[in-house]
Structure formats: C-alpha cells, structure tokens
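>>> need a structure here:
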Amino acid sequence: MGLDSLEIILSTEREFDLEIPDEDARRMLRVGDLCDFVIARTGATTRDARESVWQKIVEIVVLEVGVEPNRVTRDARFVADLGVQ
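Sure thing, here's the model as predicted:
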C-alpha cells in the first residue's frame, strides 16, 4: 500500500468514523469497492445516503490524488486508472 492509498484510507476512516482493516483495504481495487464497503459499514440504505457516501468518496479521492472529479467513477481502478501509489 503506497502513500496515496494510505491517505485515501485514513481520510475515509476519519470522514465516516470507521476502521478499514488492512486486509479489506488491499482488496479494494476500484473506487466502487471502497464506496460499497463504506455503505455496508455505515448502513447507508437510502438512495440519498448512498449518494452522500459516494460524493464524499469522490471528494476524498480528488483531494488525496489530485485527479479531476470526472475521472473518479465506480469502475475506476485506483492504480491503473487513477495512478494511486
């Protein structure tokens, strides 16, 4: 896990007040994987709650990686598509 990915995980943990175990973090290859994990852990069951989680995840990735928001999609792979180290 590189510095960018560690910062994304730490920022996500702070934002949503949860812990992401290293084993789970290593399996998160796409932005959608991270979003799905947060939704499951926070119990965001309504459409609005899920959309709110997604928007926060996009903000975190944009801030930590410095990519344009339009590049952050659910299918975007952290390493291959966004250049996360």
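>>> Identify the residue nearest the geometric centre of this structure.
L34 (4.2 Å; Cα atoms, centre = their mean).
>>> From D81, how far out is that one?
As judged by Cβ to Cβ, to the nearest Å, L34 and D81 stand 13 Å apart. Glycine gets a C-beta too; all of them are placed from N, C-alpha and C.
>>> Listing request: residues of the chain with sub-threshold pLDDT.
1-2 (pLDDT under 70).
>>> Spit out the contact partners of the residue of it positioned farthest from its centre.
No residue in the chain sits farther from the centre than T46, which is 18.8 Å out by Cα atoms, centre = their mean. Counting by Cβ atoms under 8 Å, 6 or more residues apart in numbering, T46 touches no other residue.
>>> Could you shift the numbering so residue one becomes 669, and keep it that way?
New numbering, starting at 669: the last item is T714.
>>> can you pull out the helices in the protein?
671-684, 690-695, 699-710, 715-733 (DSSP state H).
>>> Can you list the buried residues in the longest one?
Looking back up the chat, that one is helix 715-733. 718, 721-722, 724-726, 728-730, 732-733 (16 or more other Cβ atoms under 10 Å).
>>> of those, closest to R709?
V721 (9.8 Å; Cβ to Cβ).
>>> need the contact list for the closest one.
Applying Cβ under 8 Å, 6+ apart, the residues near V721 are 684, 703, 706-707, 710, 712.
>>> hmm, 7 Å instead?
703, 706-707, 710, 712 (Cβ atoms under 7 Å, 6 or more residues apart in numbering).
>>> what's the answer for T710, then?
Contacts of T710 (Cβ under 7 Å, 6+ apart): 684, 686, 721.
>>> What's the separation between D743 and T714?
Applying Cβ to Cβ to D743 and T714 gives a distance of 23 Å.
>>> Equivalent analysis for A748, please.
According to Cβ to Cβ, A748 and T714 sit 32 Å apart.
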